[in-house]
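J.: Compute the structure for the input listed below.
(chains A and B)
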Protein chains: 2
Amino acid sequence: MPAARMSRAVIIAVGSELLTPSRIDTNSLFVTQRLNELGIRVRYKAVVGDHRDDLADALKLALSRADLVVTSGGLGPTDDDITRETVAAVFGLPLDEDEGVVASIRARFSARGLPMPAINRRQALVPRGAAALANAKGTAPGLWIERSGAACVALPGPPRELRAMLEVVARERIAPLSSGHGIFRRVIRVTGRTESHVDEAAHPVYSRWRSGPVPIETSILASLGQIELHLAARGATEDAAVGALDQATSELAGVLGRDLVSSDGSQLEAVVGGMLRERAARVAVAESCTGGLVASRLTDVAGSSAYVQAGWVVYSNEAKAALLGVDAASIAAHGAVSEPVARAMATGARERGGVEYGIAVTGIAGPGGGSADKPVGTVYVALAGPEGLQRVRRLSLPGEREQVKFQASQAALDLLRRALLR
Amino acid sequence: MPAARMSRAVIIAVGSELLTPSRIDTNSLFVTQRLNELGIRVRYKAVVGDHRDDLADALKLALSRADLVVTSGGLGPTDDDITRETVAAVFGLPLDEDEGVVASIRARFSARGLPMPAINRRQALVPRGAAALANAKGTAPGLWIERSGAACVALPGPPRELRAMLEVVARERIAPLSSGHGIFRRVIRVTGRTESHVDEAAHPVYSRWRSGPVPIETSILASLGQIELHLAARGATEDAAVGALDQATSELAGVLGRDLVSSDGSQLEAVVGGMLRERAARVAVAESCTGGLVASRLTDVAGSSAYVQAGWVVYSNEAKAALLGVDAASIAAHGAVSEPVARAMATGARERGGVEYGIAVTGIAGPGGGSADKPVGTVYVALAGPEGLQRVRRLSLPGEREQVKFQASQAALDLLRRALLR
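T.: Here you go, the predicted structure:
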């Protein structure tokens, strides 16, 4: 039996493809979150190829440094799949064929009208004394081994299979051995402030929480077009941690005011969608440089057909005039990337869509098209709303084409969010 | 001096934030690619937090298993930044302050009109006998240490800084020590076939190349809406590897025919864009369930304003009728998700856009809106082209809302690609 209070884990991803330039281990993020919730921190992570010696080295070091070792991958039926044999060897256990596992693999094949290939029999090998973990989403069973102060769980590599199996093993086997002082996280999203301004405003709040009865650690991440505050609370119970997070979040909301987008991790497009739905309002979108990205983000949200009425992608000047009624003379006088054209696009979208809110984006995403006066990254976002409401912002956005597009879409959605806050 | 033929590396990412559920090490992908090009394989990877003992353990193990160890991160000026001291301790070297480095950090600050904070002096500490690597994009210098059969290079964590520094150190210090049998890669994209059909067609080609004079390893990855063939050639020279890849790629193109999207890693939207540009043709897009994603992908490509004329996002039935002239009676008779409506949308986009090609998508992205007859994932893509050309496909797409949207956008773009192949 491991020590009754499991607190440190090592995660090992197995697979030679994870050592190439085109694949990365993302399973460990999900595993980390689940372990953190049980009060278990990840001490380090490793990625090894399909080589017995390397995996054995990694397992031995991990077992000497942590009380829980989680592996992912290498449980398939082929010769490349070495996790099962290597774990057994490191623990010094012989492998026995488990008839129950053979039967369940055979059943999985026969449900699809297929005989079980002989090769899959390897997946039924279980180190003596270990438990085979049922795989609800695939053929490869997992493994659970407990011995003298340490436990090892071997999970399959495909994310769907890993997630389903981890849920069960975390609840049934890991939770009873963990301290129960789980780490719970929350992500707060903020727009309209720089990283240092968010820090300045939030610091008095989170410095107090850092040393509270339920300690909360905070980190700030600047991502494209928004700032994220990550809170991590460690509580004796989930209720205690969540209660502290609720309280800290509400204090942060107080100091961040209208710049707070969400305090439950929701994306801007979901927040805007929720507000439109609440107000029974609809939106239409006119896009030049974002090329459909604003509409696409809005429609990433389930149920968005209730409030996304229409969208226009109007790259060319003719399209701006023909589809949205933008005055060709205004384009000629001010240029397609200008405040009057942005306004006219938003108004055109609102009127032609027959909706409460029209939003528009026109700008220079690059790499070509910039000038001294309007360099690449110059973007206007505009909004037209009820009762003659109009808003326009000029932005100078850094980065490459896709980054400019994304930040411009953020600014347009945020303009709408702020108008809906009124 | 390390052995003259460096062949195996270990990559260690340093930073406690990389052990949380919200951050992942991606620097190692870039490092892997650069090392592979020099003929150096990555034996394993590790991620450790900002803890001296853990990093020291990882460094010692790595130095016993590889002839090159690359670290990223932990070179900043604060107490959390432990890489410099830990590398020195593991190699048993004292740290000396390097006056040249102090001067360059001071110059960097004074260029921005700022005095150098005292804390940054730590960044000028260099293990005796090691080389400080200039950081063109930031203040933290890197380190290069060679000793008895192994070399260690410490790179800064921010990707821009790491990439710039790696380019220089790879060329000037690693390349002369490597075997020169670099691994060069190529990605081939395929649509319209399953993974196993691609394998069936490609197997005779790549099984021959596997044992050729310039061996090429191939792996197949099924990703959303396409299959990727990854080729990795190991050649005595870059020319030899690239020549073999060219030859193998051309043989694969022969067996894959019209299903080959690109053999230089280009995305579908870039391939379609290139074909439109070559033929001086333009496109207009009508989107229901993809909500602007097709247009957004087309406009992710630089220069796409030359051929993307217009786009409509028509979620509602009224918008389909009003903006694209879809017959309301047809919508009532067949439903908005139907072959006649998809055809009418494509034709409407082509005519109202005044362009050669109209493409359209209508479907049920989910999670709501499905029926027994038309379950979630039912999507029609349609194309209208010159000389009465019309194409429609019905698809049943698996996955969540965003996955359905992406696969539907793939299918629409691929319909256009195949029409342009004629």
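
J.: Surely A:Leu298 is in contact with B:Gly291?
T.: Yes. With contacts counted by CB atoms under 8 Å, A:Leu298 reaches B:Gly291, the gap being 6.9 Å. Placement of C-beta: from N, CA and C, glycine included.

J.: overlap in contacts of these two?
T.: Common neighbours of A:Leu298 and B:Gly291, using CB atoms under 8 Å, 6 or more residues apart in numbering or on different chains, are A:304, A:308.

J.: A:Arg393: what's it in contact with?
T.: A:Arg393 neighbours (CB under 8 Å, 6+ apart): A:380-382, A:411, A:415.

J.: Quickly find the element holding it.
T.: strand A:390-396 (DSSP states H and E).

J.: buried set for the following helix or strand past that strand?
T.: Per DSSP H and E, the first helix or strand lying C-terminal to strand A:390-396 is helix A:401-421. Within helix A:401-421, the residues that qualify as buried are A:401-420, counting by 16 or more other CB atoms under 10 Å in any protein chain shown.

J.: what about helix A:401-421, near chain B?
T.: Yes. Counting by CB under 8 Å from any CB of the partner chain, chain B has neighbours in helix A:401-421: A:401-402, A:405.

J.: centre of the chain versus stretch A:306-314, how much separation?
T.: 26 Å (CA atoms, centre = their mean, to the nearest Å).

J.: Extract the C-alpha trace of it and format it as PDB.
T.: Backbone C-alpha positions of stretch A:306-314 (Å, rounded to 0.1, in the frame of the first residue of the first chain) are rendered in PDB as follows:
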ATOM      1  CA  ALA A 306     -31.000  32.200 -32.000                       C
ATOM      2  CA  TYR A 307     -29.100  35.500 -32.200                       C
ATOM      3  CA  VAL A 308     -26.700  35.400 -35.300                       C
ATOM      4  CA  GLN A 309     -28.900  36.700 -38.000                       C
ATOM      5  CA  ALA A 310     -26.500  37.200 -40.900                       C
ATOM      6  CA  GLY A 311     -22.900  38.000 -41.900                       C
ATOM      7  CA  TRP A 312     -21.200  39.500 -44.900                       C
ATOM      8  CA  VAL A 313     -17.600  39.100 -46.000                       C
ATOM      9  CA  VAL A 314     -16.800  42.100 -48.100                       C
END
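
J.: May I see the buried residues of it?
T.: A:307-314.

J.: How about that stretch and chain B, any contact?
T.: Yes. Using CB under 8 Å from any CB, stretch A:306-314 reaches chain B at A:308-314.

J.: Up against chain B, what does the stretch 51-200 of chain A have?
T.: Looking at chain B, the residues of the stretch 51-200 of chain A close enough under CB under 8 Å from any CB are A:54, A:57-58, A:61, A:65, A:185, A:187.

J.: Out of these, the closest to chain B would be?
T.: The closest of these to chain B turns out to be A:Asp54 (CB to the nearest CB; 5.7 Å).

J.: The closest one and A:Val48 touch, don't they?
T.: Yes. A:Asp54 lies in contact with A:Val48 (CB under 8 Å); the separation is 4.5 Å.

J.: overlap in contacts of these two?
T.: Counting by CB under 8 Å, 6+ apart, the residues touching both A:Asp54 and A:Val48 are B:Tyr44.

J.: the more surrounded of those two?
T.: A:Val48 (30 against 22; other CB atoms under 10 Å in any protein chain shown).

J.: Bridge partners for the more buried one, pull those for me.
T.: A:Val14, B:Tyr44 (DSSP bridges).

J.: Report the contact partners of it.
T.: A:Val48 touches A:12-14, A:19, A:54-55, A:58, B:44, counting by CB under 8 Å, 6+ apart.

J.: Could you rerun that using 6 Å?
T.: A:14, A:54-55, A:58, B:44 (CB atoms under 6 Å, 6 or more residues apart in numbering or on different chains).

J.: Return the closest of these with respect to B:Glu318.
T.: Taking CB to CB as the measure, B:Glu318 sits nearest to A:Val14 out of the contacts of A:Val48, at 54.1 Å.

J.: Make sure that closest one is actually in contact with A:Gly74.
T.: Yes. Contact criterion CB atoms under 6 Å: A:Val14 and A:Gly74 qualify, at 3.8 Å.

J.: Can you work out which residues contact both of the two?
T.: By CB under 6 Å, 6+ apart, the residues touching both A:Val14 and A:Gly74 are A:Thr83.

J.: now A:Cys152, what's its secondary structure?
T.: strand (DSSP: H, G, I helix; E, B strand; the rest coil).

J.: where exactly do the helices run in the stretch 1-150 of chain A?
T.: Secondary structure of the stretch 1-150 of chain A (DSSP state H, counting those that start in this stretch): helices located at A:27-37, A:52-65, A:83-91, A:99-111.

J.: Let me know whether A:Gln407 touches A:Gln226 as I believe.
T.: No. Applying CB under 6 Å as the test, A:Gln407 and A:Gln226 come out as separate, 9.2 Å apart.

J.: Sketch out the helices for the stretch 301-422 of chain A, chain order is fine.
T.: A:317-324, A:328-334, A:339-353, A:401-421.

J.: Need these in CSV (columns: mean pLDDT and distance to A:Glu37).
T.: Output for these, formatted as CSV (pLDDT from 0 to 100; distance: least, CB to CB, whole Å):
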stretch, mean pLDDT, distance to A:Glu37
helix A:317-324, 93, 49
helix A:328-334, 96, 55
helix A:339-353, 97, 44
helix A:401-421, 96, 30
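
J.: Any idea which of these gets closest to A:Thr86?
T.: Nearest of the helices of the stretch 301-422 of chain A (CB to CB): helix A:401-421, 41.6 Å.

J.: Check the offset of stretch A:174-186 from the chain's centre.
T.: 21 Å.

J.: how about the CA coordinates for it, as PDB?
T.: Only the C-alpha atoms of stretch A:174-186 are listed here, as PDB (Å, rounded to 0.1, in the frame of the first residue of the first chain):
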ATOM      1  CA  ILE A 174      -6.500   7.500  -6.500                       C
ATOM      2  CA  ALA A 175      -9.000   9.600  -4.500                       C
ATOM      3  CA  PRO A 176      -9.000   7.300  -1.400                       C
ATOM      4  CA  LEU A 177      -5.200   7.500  -1.200                       C
ATOM      5  CA  SER A 178      -4.900  11.300  -1.700                       C
ATOM      6  CA  SER A 179      -4.800  14.000   0.900                       C
ATOM      7  CA  GLY A 180      -8.100  15.500  -0.200                       C
ATOM      8  CA  HIS A 181      -6.500  19.000  -0.200                       C
ATOM      9  CA  GLY A 182      -7.400  19.400  -3.900                       C
ATOM     10  CA  ILE A 183      -6.200  22.200  -6.100                       C
ATOM     11  CA  PHE A 184      -9.100  23.900  -8.000                       C
ATOM     12  CA  ARG A 185      -8.600  26.400 -10.700                       C
ATOM     13  CA  ARG A 186     -10.400  29.200 -12.300                       C
END
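
J.: what's that stretch in contact with?
T.: For stretch A:174-186, contacts defined as CB under 6 Å, 6+ apart pick out A:2, A:5-7, A:36-40, A:231-234, A:236, A:238, A:241, A:245.

J.: How far off centre is the lowest-mean-pLDDT helix or strand in chain A?
T.: Across the helices and strands of chain A, mean pLDDT, DSSP states H and E gives its lowest value to strand A:216-223, namely a mean of 84. Taking CA atoms, centre = their mean, one finds the center of strand A:216-223 at 15 Å from the center of the full chain.

J.: which other helices and strands contact the helix or strand following it?
T.: Using DSSP H and E, the helix or strand that follows strand A:216-223 in sequence is strand A:226-235. In terms of contacts (3 or more CB pairs under 6 Å, 6 or more residues apart in numbering or on different chains; DSSP states H and E), strand A:226-235 is packed against strand A:182-190, strand A:216-223, helix A:238-256.
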